[in-house]
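In: What follows is a predicted protein model with its sequence.
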Amino acid sequence: MVPRKGSFWVEYHQGVLTMKKILLGTSALVLFAGAAAAQQVTTKAPFTVTLGGSIRSDFIIVNDDLANQESREARIDYRLTVKAEAKAENGLVYGFSGRLRNNQGSSGVNPGQTNQDVVGMDEKWVYMGGSWGQVQLGDAYAADTRLAVRAPTVGIGQADYAFGTVTGNYRWVHLNEGEVDTKISYMSPVFAGFQAGISYTPEMNSHGRDNARSKFVTGADNKYSDLISIGASYAGSFSDIGVKLGGGVQFGDAKDTSATVKSTLGDYSVWHVGAQVSYAGFTVGGHYSDASDSMRTKGDELSHWQLGLSYAVGPWAVAANYSRTETDFGARNTKDATDYMWGVGGAYQLAPGLSLQADVAFFEIESPVSGLKSGQTKNDGTLFTFRTRVDF
């Protein structure tokens, strides 16, 4: 089966490539002194630096109801992962992990467009751990997202994948899945197939060197603070049957603001559960999430569910899945909306680290979408994507 995500590490110290050993600096001694009080961490402990990543070249054809849009597109997306890890004499494992991506900023060269050649590190954190688990500090996914189980997909992702500008920037995931704000997390070790984790995020949509000290709402995406995420998962097998279970919750407080906004803005709350069962190359599963009125007007309700089936044999993998979101606009004079997407796709591993992938997805977006063709009230469309992917 060709995985949708991930890469294999190139170990520089194992003869594939040779790198100089990077010694632990004085600043790192200060950072980890408290956790390693039993035995002093010294610069005698070298780091092992590993590098990996993926490059995805996409060609896209779309037919939908958005006005003034091209029917074809091409893009390239790369993700470079770097990790530096060391182990102290007392058994403490510590280091840094990060991911570099393109499409990480705005461009003054093409006003109003995203500069696809700006490279930034979206995920980045330092960590320390041992047999007791791992503590992570930095920009990373929340614990509930890391331990979530979704419907099975292959390659590009079928109905779990949406080219944002095609579907009106609609996301087919639970509400906080893509959130990489600055946080502190604890992930437990895996015991008998079970794992749990918890995260604390001081400010929503604050990451990197950003200082979000204002206690008042300053923008549409800066409404919540003090978010707690809790997640748990299980993976095991019974005879030839594999089972995966996962779920979690994230909740937080609405920030202080005017009385007018307070009357329409509720607190933040998202929960989700998922399961997969696999046998003889087949995997079936689903995922359900409920976001209540988070990120919306108080009284609205948002829920999402997803079902899928995949099959893998040798270098081939195929899948079909369906994703649906229901929005209840409460007592407001707005029609409730149903958005759905279903897709089929496949992937073929042409050579080690090289795969060819293709998807066909069909979608209907009833949620408010701007820029529609004259006379249209929703965006119906078909999306075809062909991808060549290299993992290293």
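Out: Done, it's in. Residues are numbered from 1 along each chain as shown.

In: so where's the chain uncertain?
Out: 1-45, 104-116, 161-172, 218-221, 259-260, 331-334 (pLDDT under 70).

In: Which strands and helices lie in contact with the strand or helix carrying residue 355?
Out: Secondary structure assignment for residue 355, by DSSP states H and E: strand 354-365. Applying 3 or more Cβ pairs under 8 Å, 6 or more residues apart in numbering; DSSP states H and E, one finds that strand 354-365 contacts strand 337-351, strand 379-391. C-beta here means a position set from N, CA and C on the backbone, and glycine is covered the same way.

In: Which of the residues in that strand are classified as buried?
Out: 355-359, 361, 363-365 (16 or more other Cβ atoms under 10 Å).

In: circling back: with respect to residue 147, which of the helices and strands packed on strand 354-365 lies nearest?
Out: Across those, residue 147 has its closest neighbour in strand 379-391 (23.3 Å, Cβ to Cβ).

In: The closest one pairs with which strands?
Out: Using DSSP bridges, strand 379-391 pairs in its sheet with strand 46-63 (antiparallel), strand 354-365 (antiparallel).

In: Turn these into a markdown table, including distance to residue 185.
Out: Below are these laid out as a markdown table (distance: least, Cβ to Cβ, whole Å):
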| stretch | distance to residue 185 |
| --- | --- |
| strand 46-63 | 21 |
| strand 354-365 | 31 |
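
In: Now do the contacts for the residue nearest to residue 98 when sequence neighbours are not counted.
Out: The spatial neighbour of residue 98 that comes closest, neighbours along the chain excluded (Cβ to Cβ, 6 or more residues apart in numbering), is residue 124 at 4.0 Å. By Cβ atoms under 8 Å, 6 or more residues apart in numbering, the contact set of residue 124 is 96-99, 138-140, 208.

In: Now do stretch 225-234: everything it contacts.
Out: 142-149, 176, 183, 185, 193-204, 215, 243-253, 255, 268.

In: Now that stretch - C-alpha only, CSV.
Out: Output of stretch 225-234 as CSV, limited to C-alpha atoms (Å, rounded to 0.1, in the frame of the first residue of the first chain):
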residue,chain,number,x,y,z
SER,A,225,-7.5,31.1,24.2
ASP,A,226,-6.4,28.5,26.8
LEU,A,227,-7.3,25.5,24.6
ILE,A,228,-7.0,22.0,26.1
SER,A,229,-6.8,18.9,23.8
ILE,A,230,-7.1,15.3,25.0
GLY,A,231,-6.8,12.3,22.8
ALA,A,232,-6.5,8.5,23.0
SER,A,233,-6.1,5.7,20.5
TYR,A,234,-5.8,1.9,20.3
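
In: For it, buried residues please.
Out: For stretch 225-234, a neighbour-count test (16+ other Cβ under 10 Å) marks 225, 227-234 as buried.

In: Tell me where the chain has helices.
Out: Ranges of helices within the chain are 26-32, 143-146, 259-262, based on DSSP state H.

In: quick one: contacts of the second one?
Out: Outside helix 143-146, the residues within contact range by Cβ under 8 Å, 6+ apart are 174, 176-177, 179, 185-187, 196-199, 229-231, 247-250, 270, 272.

In: And that helix, how far out from the chain middle?
Out: Counting by Cα atoms, centre = their mean, to the nearest Å, helix 143-146 is centred 9 Å from the centre of its parent chain.

In: just the strands in the stretch 51-200 of the chain please.
Out: Here the stretch 51-200 of the chain has its strands, by DSSP state E, counting those that start in this stretch, at 72-87, 93-101, 120-130, 133-139, 182-187, 194-203.

In: So what touches the strand holding residue 355?
Out: Residues from elsewhere that reach strand 354-365 (Cβ under 8 Å, 6+ apart): 2, 64, 154-159, 161-162, 167-168, 170, 338-350, 378-391.

In: Which ChimeraX command selects the buried ones in those?
Out: Buried residues within the contacts of strand 354-365, by 16+ other Cβ under 10 Å, are selected in ChimeraX with:
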select :2,64,154,155,156,157,158,159,161,162,167,168,170,339,340,341,342,343,345,346,347,348,349,378,379,381,383,384,385,387,389,391
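
In: For the stretch 201-350 of the chain, which segments count as strands?
Out: Using DSSP E, counting those that start in this stretch, strands in the stretch 201-350 of the chain cover 224-238, 241-254, 268-279, 282-292, 301-313, 316-328, 337-351.

In: Strand 316-328 and the shortest one, what's the angle between them?
Out: The reference is to strand 282-292. 20 degrees (axes from the mean of the first three to the mean of the last three Cα atoms, to 10 degrees).

In: for strand 282-292, packing partners?
Out: Applying 3+ Cβ pairs under 8 Å, 6+ apart, one finds that strand 282-292 contacts strand 268-279, strand 301-313.

In: Of these, which is nearest residue 53?
Out: Using Cβ to Cβ, these put strand 301-313 closest to residue 53, at 23.2 Å.

In: now that closest one against strand 337-351, angle please.
Out: Using the same axes, to 10 degrees, strand 301-313 lies at 20 degrees relative to strand 337-351.

In: I'd like to check the angle between strand 301-313 and strand 268-279, please.
Out: With the same axes, to 10 degrees as the basis, strand 301-313 and strand 268-279 are set at 20 degrees to each other.

In: What strands line up against strand 301-313, and which way round?
Out: strand 282-292 (antiparallel), strand 316-328 (antiparallel).

In: okay, those strands in TSV with distance to residue 308 and mean neighbour count next?
Out: Output for these, formatted as TSV (distance: least, Cβ to Cβ, whole Å; neighbours: other Cβ atoms under 10 Å):
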stretch	distance to residue 308	mean neighbour count
strand 282-292	6	20
strand 316-328	3	21
